[in-house]
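A.B. asks: Sequence and computational prediction follow.
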Amino acid sequence: MHSVNFPLPGEQEAPIDYFSRWHANVAPTGLYGINIPSRYGGLGLGHWDRFEAIADMSRRDTSAGAILQSVTLGTGMFLSASEQLREMWLPKLATGEEIATICITEPKSGARIGSLETTLSPALDEGYVLTGSKQFIANAHVGTVHGVIAKRASSDRSALRHTGVIVPSRSAGVETGAVDDLDGLKHFNVGGIRFNNVRVPAEHVLLGNKGLQLAHRSITLFGKLNLAAVAYGALLRSWDETQNYLSSDTGRAKQLEQIGAIRGLIGEVQRCISESRALCFSAAHSIDCGEPEEDLILAAKASTVNHAISGILACISIMGARGGSAAAGHVTRLSDVIQTMAPAGTESVNLAQLSKFALGKYKEVGIYGS
Ligand SMILES: Cc1cc2nc3c(=O)[nH]c(=O)nc-3n(C[C@H](O)[C@H](O)[C@H](O)COP(=O)(O)OP(=O)(O)OC[C@H]3O[C@@H](n4cnc5c(N)ncnc54)[C@H](O)[C@@H]3O)c2cc1C
């Protein structure tokens, strides 16, 4: 991947202001459409390319990388849509003219996606009506089109099914809610969206009743490696800062590299980097080959985030008191990486899925249509 120019956030800059500056720089590069096939105007690159682009941006600034992961995650759902919807939306998503969000999490439904309460009901004339409230949605206030997972209303409870719908943010009844004030990723917009009796045309319903599969597919094929890439990029930056310190006048005067215990910590950082890279590469490569190895993808998310946390802690130890300094940025990055734990599956969710895989009970999410 070629290096992309993007603005670094100002210390006190609000996420929405930062997003505007970031967007103005990044949209012309085509990165919004990194995985969108070229016939729809995208770059047509692979999942490993996306991983590297997000990691590279996160290495320079974690919030900037988190934004790139979120806008590319948003396109994941659209790749599973009908050809008609793909032709309608993908060219605009590829240029950043439209910015997609994925709306799954709700105030009372997080890890257990099946328990969500947002409802899609048949309208009296034609089409559907969407009602519900979403929370912790990346780009809630800057997204222009929402991919929403909802439950289909039915008089027969046993027939309740989940579905995915496309809802432009300009639709009547769509309202943004509060910004979720995260203690990390300070320049990344995450917040609530309400859908108050929003009209949804029948052709904006995705994959019929397979809404949960659609959600799991977007999270598995895009979200997990995206969040892993943010965490991995943050770890690389912490190691950059640590190396700079070790080779500085102070670091050299202290001869830190000669100390056995410090060598052990350096080895630990490298192990975290090498294992994360190997696992994420294998996982991304399997998707690029059209045969996702979903156990690798689940493991890549869980392990890479953990490796980033322990690797950054090791960097802090190597630098002693300076490891906690604002200039080194390790503590801020640690807070950023903590924010990658919940989205796209917490560790406990990924382990629960891996246990199903081990016991032969895991349900594959499948690959999106070509
Ligand atoms: C930075 C950030 C960006 C996000 N972006 C989005 C977005 O764009 N779109 C979106 O829809 N959501 C988004 N989320 C929300 C994220 O997907 C949820 O936080 C996540 O699904 C967990 O839900 P929860 O926080 O409600 O935790 P809960 O569901 O309340 O779970 C609490 C704890 O219990 C564990 N747990 C619960 N049920 C199970 C189970 N069945 N098996 C194993 N463990 C379980 C969880 O793993 C977790 O550790 C984002 C969150 C953050 C922090």
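C.D. replies: Perfect, I can see it now.
A.B. asks: farthest residue from the center of this structure?
C.D. replies: For the chain, the residue at maximal distance from the C-alpha centroid (C-alpha atoms, centre = their mean) is residue 253, at 41.7 Å.
A.B. asks: Just to be sure, it is in a helix?
C.D. replies: Yes: judged by DSSP: H, G, I helix; E, B strand; the rest coil, residue 253 forms part of a helix.
A.B. asks: any idea how far it is from residue 108?
C.D. replies: Applying C-beta to C-beta, to the nearest Å, the value for residue 253 to residue 108 is 57 Å. Backbone N, C-alpha and C define where each C-beta goes, glycine included.
A.B. asks: Could you do residue 323 as well?
C.D. replies: 40 Å.
A.B. asks: which of those two has more neighbours?
C.D. replies: For residue 323 versus residue 108, the count of surrounding residues by other C-beta atoms under 10 Å is larger for residue 323: 20 against 11.
A.B. asks: Quick one: residues in contact with stretch 77-97.
C.D. replies: For stretch 77-97, the surrounding residues in contact (C-beta atoms under 8 Å, 6 or more residues apart in numbering) are 23, 26-27, 30, 32-33, 35-37, 40-43, 71, 74-75, 98-100, 102, 145, 147, 164, 166, 203-204, 206-207, 214, 217-218, 368-369.
A.B. asks: so which of these also contact the ligand?
C.D. replies: Filtering the contacts of stretch 77-97 for proximity to the ligand by C-beta under 6 Å from any ligand atom leaves residue 102.
A.B. asks: Now intersect the contacts of stretch 77-97 with the helices, please.
C.D. replies: Per DSSP state H, helices hold the following members of the contacts of stretch 77-97: 23, 26, 71, 74, 75, 214, 217, 218.
A.B. asks: quick one: contacts for the closest residue in space to residue 216 that isn't next to it in sequence?
C.D. replies: Closest residue to residue 216 apart from its sequence neighbours, by C-beta to C-beta, 6 or more residues apart in numbering: residue 365 at 4.7 Å. Applying C-beta under 8 Å, 6+ apart to residue 365 gives the contacts 213, 216, 217, 220, 221, 292, 294.
A.B. asks: give me that answer again for 10 Å
C.D. replies: Counting by C-beta atoms under 10 Å, 6 or more residues apart in numbering, residue 365 touches 80, 212-221, 292, 294, 297.
A.B. asks: May I ask which of those residues has the most neighbours?
C.D. replies: residue 297 leads the contacts of residue 365 on contacts (other C-beta under 10 Å) with 29 neighbours.
A.B. asks: what's the closest non-adjacent residue to it?
C.D. replies: With C-beta to C-beta, 6+ apart, the residue lying closest to residue 297 is residue 283, at 4.5 Å.
A.B. asks: My guess is that neighbour contacts residue 289. True?
C.D. replies: No: counting by C-beta atoms under 10 Å, residue 283 does not reach residue 289; the two are 11.1 Å apart.
A.B. asks: ok, the residue in the stretch 1-150 of the chain positioned nearest to the ligand - how many residues close by?
C.D. replies: Nearest residue of the stretch 1-150 of the chain to the ligand, counting by C-beta to the nearest ligand atom: residue 110, 1.9 Å away. Residue 110: 16 surrounding residues under other C-beta under 10 Å.
A.B. asks: quick one: residue 136 is in a strand?
C.D. replies: Yes: assessed by three-state DSSP, residue 136 belongs to a strand.
A.B. asks: okay but residue 279 is in contact with residue 296, surely?
C.D. replies: Yes: applying C-beta under 10 Å, one finds residue 279 in contact with residue 296, separated by 6.6 Å.
A.B. asks: which residues do those two both contact?
C.D. replies: With C-beta under 10 Å, 6+ apart, residue 279 and residue 296 have common neighbours residue 225.
A.B. asks: what helix or strand does the residue nearest to residue 123 when sequence neighbours are not counted sit in?
C.D. replies: Using C-beta to C-beta, 6+ apart and skipping residues adjacent in sequence, the residue nearest residue 123 is residue 129, 5.1 Å away. Under the criterion of DSSP states H and E, residue 129 resides in strand 128-138.
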